[in-house]
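>>> Here is a sequence together with a model predicted from it:
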Amino acid sequence: MIHGLIKTVLLLIALSIMTGCKSAPVPPEVREAEQQRIDLRKAGAEIYAPEEYKIYKRSLRDGQIHLASENNRFIWFRKYKDIKVEFTGILAQGKLIEAKVEEQKRSKSVTVANQIDFLRNRIETIRKLASLINEGRLSSKSLTQAELQLAEACALSDRGCYTEAEEKLKVISKHTEKAANSILPILNRYADNSKITKWRNWVNETVESSKRNQSYSIVVSKVDKRLYLYKGGRSYKTYDVELGTNGSNHKMYAGDKATPEGKYQVIKKVPGSRFHRALLINYPNEEDRRQFAIAKKKGLIPQRAAIGGLIEIHGGGKDGMTLGCVAMENHHIEELFRIVDVGTPVTIVGAIEYENSVTSAMKKL
C-alpha cells in the first residue's frame, strides 16, 4: 500500500511537471508590506507612533508566520486568499501609522520652528542688553555656545529630525539662561525705580545748584554713557564717555574696576595726565566711606580691601577705559578742561530716566 502511495505521488509530480502546473502566486501585498515596514522605520514611526508601530510589527510578524506556513504546504494545496486579506489589513494599519507620523511631524515642525524663533529672539535680546553695559562680556561665552547649538538645531529641523532638534533646544535654553543670569543683577540696577528716584534727586540738586550759583556743573549718566555739562542750570554741552571694565556697577573698593556713583566735585586739574588731561574728583566722599564700612562689616567685600581713590574724568577715549574712571575723547577733555574749574560739582548716576535703554530692552527679555 505504501509503495502504491509513493507511486501515486511520483505520478502526480510527473504530471505537474509535464503540464506546467504552478501554485497560486504570492499576493503582491506581502512585498508591499515589507517595503512599507522599511519606509515607516525610516520615517520615524518608532518615535512618532511607537505604540501603533509596535502593534503593526506584531501583525506583520504574525502574517509572515502564516505566509511561511502556507509556503510549506504542497504546491497544489497552497492558498493565499487568507494571506492576501491579512496583508491587506496590515497595509491599512501601516497607512494609518503613516498618516499619524506625518501629522506628528507637522505638529513638531511648527513647535520646533516656534522654539527656534523664540530662542533666536532671546539671544538677540540678551546680546543687545549685554552691549549696553561693559560687563556684557560675562555673557559672551554662553551666548556663543547658544548660537552654535541653534545653528545645529536649525540643521536638524531642516532634515526633519524634530525630536533631536528639541533636545538641542533644551541645551540652548540652559545657555541663554546662564547668559541672562550673568548680567541681570547689573541690569536690574537700571530698572530699579527707587535707585533711579535717588539718582534723579542728585541730578536735580546739582542742576539747581548750577542755576542758583550761575556756575558750571557736570552730570554723568552711566546707562547713557554721556557727560552733561550745565551752565547756569541749563544744558550747555553733551559728550560721549566710556566707563571702567565694571563701570556699570557702583564702586565698592579699590581694584573692582567699577565707577562710583554719588555727588562729588573737581579737586584738581591734571594737565599732564597719562590720559592726556584729567579732572580728579573727591572720591571717596563721606557717603562712600560709610557705605564701604557697612559693606565690609557685612562681608560683601574682602576684609583686606581698601576703599581706593584717584577717580578722574580723563582723556584716552576707549583706550582710557581702565580702572573705574570716566574716559572721554582727547579733544573733548581738552574743551572741558578749559571750561571748568576746581570746585565744579560732578554728579555720577546710573540713570536719569525711569524709561531708559536698559528698561526698554528688558521688556523683550
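Sure thing, it's come through.

>>> Going by C-alpha atoms from here, please, whenever you check contacts or count neighbours.
Will do.

>>> what ranges do the helices span in the stretch 251-365 of the chain?
Counting by DSSP state H, counting those that start in this stretch, one finds helices in the stretch 251-365 of the chain at the ranges 286-297, 330-339, 357-362.

>>> Contacts for the first one, please.
In this case it means helix 286-297. Contacts with helix 286-297, where a contact means Cα atoms under 8 Å, 6 or more residues apart in numbering, come from Met252, Tyr253, Ile301, Pro302, Gln303, Ile307.

>>> Pull the contacting residues for the second one.
Meaning Tyr253. For Tyr253, the contact set (Cα under 8 Å, 6+ apart) comprises Phe292, Ile301, Ala305, Ala306, Ile307, Gly308.

>>> Over to the fourth one?
Taking Cα under 8 Å, 6+ apart as the criterion, Pro302 is in contact with Lys296.

>>> tell me, how many neighbours does Ser194 end up with?
Using other Cα atoms under 10 Å, Ser194 is surrounded by 12 other residues.

>>> again but with Thr344, I slipped
Residues within reach of Thr344, counting by other Cα under 10 Å, total 18.

>>> Which residue ranges make up the domains of this protein?
In terms of domains, the chain is parsed into 17-191, 193-362 (source: automatic domain parsing).

>>> Turn those domains into JSON lines, including mean pLDDT.
Listed next are the domains of the chain as JSON lines, based on pLDDT from 0 to 100:
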{"stretch": "domain 17-191", "mean pLDDT": "91"}
{"stretch": "domain 193-362", "mean pLDDT": "92"}
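
>>> Out of these, which one sits most buried?
domain 193-362 (a mean of 19; mean count of other Cα atoms under 10 Å).

>>> quick one, what contacts Thr206?
Taking Cα under 8 Å, 6+ apart, we find Thr206 in contact with Ser217, Ile218, Val219, Pro345, Thr347.

>>> Let me know the secondary structure of it.
Using DSSP: H, G, I helix; E, B strand; the rest coil, the secondary structure recorded for Thr206 is helix.

>>> I'd like to know how far it sits from Gly343.
Between Thr206 and Gly343 the distance is 13 Å, computed by Cα to Cα, to the nearest Å.

>>> do Asn121 as well
Computed as Cα to Cα, the Asn121 to Gly343 distance reads 48 Å.

>>> What of Lys251?
Applying Cα to Cα to Lys251 and Gly343 gives a distance of 22 Å.

>>> now do Thr125
Distance from Thr125 to Gly343, counting by Cα to Cα: 42 Å.

>>> hmm, back to that, mind telling me the two of the contacts of Tyr253 farthest from one another?
Set against one another by Cα to Cα, the contacts of Tyr253 have their most distant pair in Ile301 and Gly308, with a gap of 12.7 Å.

>>> contacting residues around the longest strand seen in the chain?
Using DSSP state E to define each element, the chain has its longest strand at strand 262-273. With contact meaning Cα under 8 Å, 6+ apart, strand 262-273 is reached by 202, 277-283, 285, 314, 337, 341-349.

>>> Among these, which ones are in strands?
Arg277, Ala278, Leu279, Leu280, Ile281, His314, Pro345, Val346, Thr347, Ile348, Val349.
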